[in-house]
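Undergrad: Need the 3D shape of this:
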Amino acid sequence: MPRSSSIRQRLAGLKLGRMANSSLAAGRIRKHDPRLVARVVVGLLLLANVIAALFAFRPWEDSPEQLEMKLAALRKQQLQHKKQIERLTVLAAKSEKARKEGDQFLAKFFLSRRTASSTLVNELITMSKASGIKPKEHSFAFEPIEGSDELSMMTITANYEGTYADLIQYVNRLDRSPRFFLVESMAAAPQQSGQGVLNINLKVNVFVREEPLAPATASSAAVAQSQGVAPGGRP
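TA: Next up, the predicted model:
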């Protein structure tokens, strides 16, 4: 008997504990207002929707109108850059054409300094003889032209004998020459013979081309090395 009564007491205690827990849970539920809970849930849902809308539409970024304006501005800049490139291309082509034409003009009408001395003096002598003038002494000198590395000035001093009519014809030939002879000074004095013969002193300027010197030293050294000869001339 005592054992069965103790079991009953234990069961009765468990029932009482369960009833107490259920009454406490019911009391907690009663403490929270269902309308308040509903409002909290609705607020959370609204907050989630707002956050989703922000990430979907991204109002902090540019609007479609602003993007369209930026795109139009970029297209305008692209067209301007394209026109500028085309204009620079045309200018570069014209500059290259002018350079080539200038080089051709210099090569055609201006002799190089290496051949100008003999060629130009011979041309003056030929023109003077064709005009009936007797050529005498000729001398020449070269002077650099300030601001130009491609041209130099050659000054020819020449002495002749001839009549005034022959001198006029000679000057006309100089004026029509393709060498662009420039008469700097001219002096004519009659001879003592009194036969109308003049002593003529003429100073003529003409432009000549300066050509870069070839690297003879380097080429000579290369040839010497290929032949097994030292730069000093000893094998």
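
Undergrad: all helices for the chain, in order.
TA: Assigned by DSSP state H, the helices in the chain fall at 2-31, 34-57, 64-109, 113-130, 164-176, 216-226.

Undergrad: Tell me how many other residues crowd the closest residue to R113 other than its chain neighbours.
TA: Leaving aside its sequence neighbours, R113 sits nearest to V208 (C-beta to C-beta, 6 or more residues apart in numbering; 4.9 Å). Quick note: C-beta positions are derived from backbone N, CA and C, even for glycine. Neighbour count for V208, taken as other C-beta atoms under 10 Å: 23.

Undergrad: okay, and for this protein, where does confidence drop off?
TA: 1-34, 37, 53-63, 194, 212-235 (pLDDT under 70).

Undergrad: And it, split by domain according to the record?
TA: 62-109, 113-209 (automatic domain parsing).

Undergrad: OK, contacts around the closest residue to F110 other than its chain neighbours?
TA: Nearest residue to F110, sequence neighbours excluded (C-beta to C-beta, 6+ apart): R209, at 4.9 Å. Residues near R209 by C-beta atoms under 8 Å, 6 or more residues apart in numbering: L106, A107, F110, L111, S112, R113, E150, L151, S152.

Undergrad: and the two most separated of those?
TA: A107 and S152 (15.4 Å; C-beta to C-beta).

Undergrad: So between those two, which is more surrounded?
TA: Neighbour count, other C-beta under 10 Å: between A107 and S152, S152 has more, with 18 against 11.

Undergrad: didn't that one look like it was pressed against E143?
TA: Yes - in this structure, S152 is within contact of E143 by C-beta atoms under 8 Å, at 6.6 Å.

Undergrad: In ChimeraX, select just the buried ones from the contacts of R209.
TA: Burial among the contacts of R209 is assessed by 16 or more other C-beta atoms under 10 Å; the matching ChimeraX selection reads:
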select :106,110,111,151,152
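
Undergrad: Can you lay out the contacts of R209 as CSV showing distance to G196?
TA: Output for these, formatted as CSV (distance: C-beta to C-beta, whole Å):
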residue, distance to G196
L106, 42
A107, 43
F110, 37
L111, 35
S112, 40
R113, 39
E150, 45
L151, 40
S152, 38
